[in-house]
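J.: this one's sequence-less:
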């Protein structure tokens, strides 16, 4: 391939897996320069966002592992052990947000925020000496997004001493800056719980839910171009039990799994159309999901099927072409893990 035009090499290598791109950088200086350009990374990333490149990252006290997804059997494939490239204590790492192969994580023993690509192992610490980039669990919220110039950014909403502050970190500038944040005074209460941000169609979305039966539930929106916040309503779900909404971007349309119930829950799937929620389907609790599992549910979709994974590791699938009473059933089971679904890319946490 050494005699091929550089344009031909570009066309060939944009089609290979991310790990092959990483190995190809060592071929020669010309290839390293080509594969490090913003144009190549953007094109390769856009081609990598397919179901076959989805991986599940699972972390427990002893190991960090990456699993492929076997779509035919709705199961995980053989694991690959990953060595965390940053200092940590007993894998005490929380995954807060993910986008295009980058994970925004928190080191729980120091509360520092990091950007990390588990495929390339590259990472970037976001904390500063003046305490920016320090995340407090149950008080703060974080969302990861990319602007029109492919600058990856982190929105950090901080709740401290009865005051909200919001900051944006730019990968391009390697700098935090303060932006205005306006919200109702009652949301300062520690009884309100923020979800991680979900990036969809130029907006970051967060759910903000009050932690008791019949409490207030809203969605906070952050327009990444105007950097303005606004509030929209929650889907009209019953308030007779605990309520939680989990947001997910599917083909640039925002969806929400709204879970409601007490000892058992039901799950409704909603989609957002011009600030109004439309119900897509309802899943009765068959089989029932116990209260011990319902609190932290993450979702991803591929090949037309929804996968519902609790933080405790139980994996369900929802087949979109089946009737509601047939669509929810357990697939596999892991204990003691926390994790995330990501796509293997060569997107770098640094410039």
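T.: In hand now; what should we look at? Keep in mind that this is a model prediction, so the values were computed, not measured. Residues are numbered from 1 along each chain as shown.

J.: Name the residues of stretch 267-278 that come out as buried.
T.: Across stretch 267-278, burial judged by 16 or more other C-beta atoms under 10 Å covers 267, 268, 269, 270, 272, 277. Any C-beta I mention is one placed from the backbone N, CA and C, and that applies to glycine too.

J.: and what of stretch 108-125?
T.: Buried residues in stretch 108-125 (16+ other C-beta under 10 Å): 108, 111-120, 122-125.

J.: Run through who's touching the biggest helix by length in the chain.
T.: When the chain is parsed with DSSP state H, its longest helix is helix 38-48. Under the criterion C-beta atoms under 8 Å, 6 or more residues apart in numbering, residues 10, 13-15, 17-18, 21, 34, 100-101, 150, 343-348 lie in contact with helix 38-48.

J.: surely residue 116 meets residue 105?
T.: Yes - between residue 116 and residue 105 a contact is recorded at 5.6 Å, counting by C-beta atoms under 8 Å.

J.: Could you list the low-confidence segments of the stretch 1-150 of the chain?
T.: Within the stretch 1-150 of the chain, the stretches with pLDDT under 70 are 1-2, 71-75.

J.: Strands of that one, residue ranges please.
T.: Using DSSP state E, counting those that start in this stretch, the strands of the stretch 1-150 of the chain run over 54-59, 64-70, 75-76, 80-81, 93-99, 102-107, 112-116, 123-125, 141-146.

J.: so what does the fifth one touch, helix or strand wise?
T.: Which is strand 93-99. The contact analysis (3 or more C-beta pairs under 8 Å, 6 or more residues apart in numbering; DSSP states H and E) places strand 93-99 against strand 54-59, strand 102-107, strand 141-146, strand 338-343.

J.: what sits up against it?
T.: With contacts defined as C-beta under 8 Å, 6+ apart, strand 93-99 is touched by 57, 59, 64, 84, 103-108, 113, 135, 137, 142-146, 152, 154, 196-197, 199, 338-342.

J.: try it again with 6 Å
T.: Strand 93-99 is touched from outside by 59, 103-106, 108, 142-144, 196-197, 199, 340, 342, with contacts defined as C-beta atoms under 6 Å, 6 or more residues apart in numbering.

J.: swap in stretch 228-237?
T.: 217, 218, 219, 220, 221, 222, 243, 258, 260, 270, 275, 277.

J.: Contacts for stretch 174-191, please.
T.: Residues outside stretch 174-191 that contact it (C-beta under 6 Å, 6+ apart) are 132, 162, 164, 166, 167, 168, 169, 210, 211, 227.

J.: Let's see that with 7 Å instead.
T.: By C-beta atoms under 7 Å, 6 or more residues apart in numbering, the residues outside stretch 174-191 that reach it are 128, 132-133, 139, 157, 159, 162, 164-169, 208, 210-212, 227, 229.
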